[in-house]
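Asker: how does the following fold in three dimensions:
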Amino acid sequence: MATPHNSAKKGDFAKTVLMPGDPLRAKWIAETFLENAVLVNNVRGVQGYTGYYKGKRVSVMASGMGQPAIGIYSYELFHEYGVECIIRVGTMGGYSEKLHVGDTVIGVGACTNGNFIAQYGLPGTFAPLADFNLARQAAQVLEANKTPYHAGNILSSDVFYAEQENGEQWKKMGVLGVEMEAAALYATAARAGKKALALLAVSDSFVYPEENMSALDRQTTLTTLIETALAVAEG
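Answerer: Numbers count the residues shown, from 1 in each chain. As a prediction, this is how the structure comes out:
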């Protein structure tokens, strides 16, 4: 059944959906990694495809930018389309000296400075976490391929151009870097009883700005990230 943001029919999406922020990256993933990929949604240009990777049925669909956007698309996929697992494949800015541009990060937990989780009316603070088994499998794939990675806490920020840059305060708490979607995805998955993981590539660095990726690099590279996500995708 179609939703206000998705024209796909029931059954058009696989059990696992890879979710980059950028619709053009979703298109690139489908065309580069999937066989027999079919466009199943293009409402507002937010492209969703379903195809096969090494015989496994997998979908990829963009989330747009920010927690409200991924909150909409992940909610509809989990609740209306029977999706069981969403793997965010995106980019982040690195706070830590340990992270260099191009590094892979497993977002084990996601802090946030936003208000998305207030909707649940909890009597305290919810800690959004990745699915442990998905995170463990991603680590095993990266280790088997001898690919260095970092795993830990990230920040999902509601602000890109901040009046007051507070990255240092998060860095003091061991937060590896910042992106804009994972906390809402993890919270939505938790409420739906589904699985979620954020696999991220460091595209920008607050420590080493000379290493920063171009917009085109962010759109059409990150092969290791995508292949890792596809390897752990559940068919």
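
Asker: now the protein, which segments are flagged as low pLDDT?
Answerer: Scanning the chain for pLDDT under 70 picks out the ranges 1, 7, 218-221, 235.

Asker: for the residue nearest the centre of it, which residues are in contact?
Answerer: Geometric centre of the chain, nearest residue: residue 88, 1.8 Å, by C-alpha atoms, centre = their mean. Applying C-beta atoms under 8 Å, 6 or more residues apart in numbering, one finds that residue 88 lies in contact with 19-20, 63, 70, 107, 181-182, 185, 196-200. Yep, even glycine has a C-beta here, placed from its N, CA and C like the rest.

Asker: run the last query once more with 10 Å
Answerer: 17-21, 63, 70, 74, 107, 110, 130, 179, 181-182, 184-186, 196-200, 229 (C-beta atoms under 10 Å, 6 or more residues apart in numbering).

Asker: which SS class is the residue in the chain sticking out farthest from the centre?
Answerer: Residue farthest from the centre of the chain, counting by C-alpha atoms, centre = their mean, is residue 123 at 27.4 Å. Three-state call for residue 123 (DSSP: H, G, I helix; E, B strand; the rest coil): coil.

Asker: all helices for the protein, in order.
Answerer: Remark: helices assigned in the chain by DSSP state H are 23-33, 67-80, 132-144, 167-172, 182-192, 215-220, 223-232.

Asker: most tightly packed of those helices?
Answerer: Highest mean neighbour count among the helices of the chain (mean count of other C-beta atoms under 10 Å): helix 182-192, with a mean of 25.

Asker: give me the helices and strands touching that helix, please.
Answerer: If contacts are counted by 3 or more C-beta pairs under 10 Å, 6 or more residues apart in numbering; DSSP states H and E, helix 182-192 sits against helix 67-80, strand 85-94, strand 104-112, strand 149-156, strand 195-205.
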